[in-house]
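> Would you be able to build a 3D model of this:
(one chain, ligands or ions: 1)
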Amino acid sequence: MRRILPAIIPFALSTLVLSPGLMAQTLRQSAPHVHGITHVTIALENQDLQVELEAPGINVVGFEHPPGDAQQQAQLKAALALLGKPQDWMQPADAAQCRLADAQVTPHGYDTTQTEGGHEHADVDARYDYRCAAPDALAHIDIHLAERFPATHQLVVDLVLPQREDRQVLEAGSYRVRLAP
Ligand SMILES: [Zn+2]
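A predicted model of the protein is given here:
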């Protein structure tokens, strides 16, 4: 499926002041790494709905380094598995008849072969592609991420819709992203 989201990245980058040391991380990741905050970008174009997630590892895995023992190994595996099954925690409005076409979960900083000296953080990115038969009926998307991952205190949601762009912040306890004005 064609990618919708990269078109917004230059806008996000232009709002940041870049220093050379931050460049590598910033280019990979458009949102700042703040523990407790997970960034979600929702883009709708025709029938294609794309949801991208950028989560500090602490929010979803519980630690930010390569697993040190079997328990951490299992913890990482369970987190990635849950993120790979968005039907368990994310529901586009039924009326829009969205079907999940693809889910990709990408951990950064959890592979020992990637570890560099001084690397202090780790993240998990995810991307979900849906095809919606009735996109005009997509009034909301419920994202129960904070319930499944209690270290997530806030979801910062950027909407890129055909008619407008918007940002909504969901505090713990709220889960509904409203796409209709
Ligand atoms: Zn961190």
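> need the helices for the protein, in chain order.
In the chain, the helices defined using DSSP state H lie at 9-14, 20-28, 57-60, 70-83, 145-148.
> Neighbours of residue 156, how many?
Neighbour count for residue 156, taken as other Cβ atoms under 10 Å: 17. Using the backbone N, CA and C atoms, a C-beta is placed for each residue, glycine as well.
> any idea how far it lies from the ion?
Residue 156 sits 16 Å away from the ion, going by Cβ to the ion, to the nearest Å.
> Contacts only, for the residue in the chain that the ion sits nearest to.
Here the chain gets closest to the ion at one residue, residue 121, 3.5 Å apart by Cβ to the ion. Neighbour list for residue 121: 33, 56-57, 64, 109 [criterion: Cβ atoms under 8 Å, 6 or more residues apart in numbering].
> Just read off the phi/psi values of it.
In terms of degrees, to the nearest 10, the main-chain angles of residue 121 are phi -120, psi 160.
> on that earlier part again, the ion next: which of the contacts of residue 121 are close?
Among these, proximity to the ion is found for 56, 64 (Cβ under 5 Å from the ion).
> For the residue nearest to residue 55 when sequence neighbours are not counted, give the beta-bridge partners.
Nearest in space to residue 55, with sequence neighbours left out and distances taken as Cβ to Cβ, 6 or more residues apart in numbering, is residue 38 at 4.3 Å. Note on residue 38: beta-bridge partners residue 155, judged by DSSP bridges.
> list the contacts for residue 38?
53-56, 59-60, 145, 149, 152, 154-156.
> can you do 10 Å?
The contact partners of residue 38, taken as Cβ atoms under 10 Å, 6 or more residues apart in numbering, are 31, 53-56, 59-60, 123-124, 126, 143, 145-146, 149, 151-157, 170.
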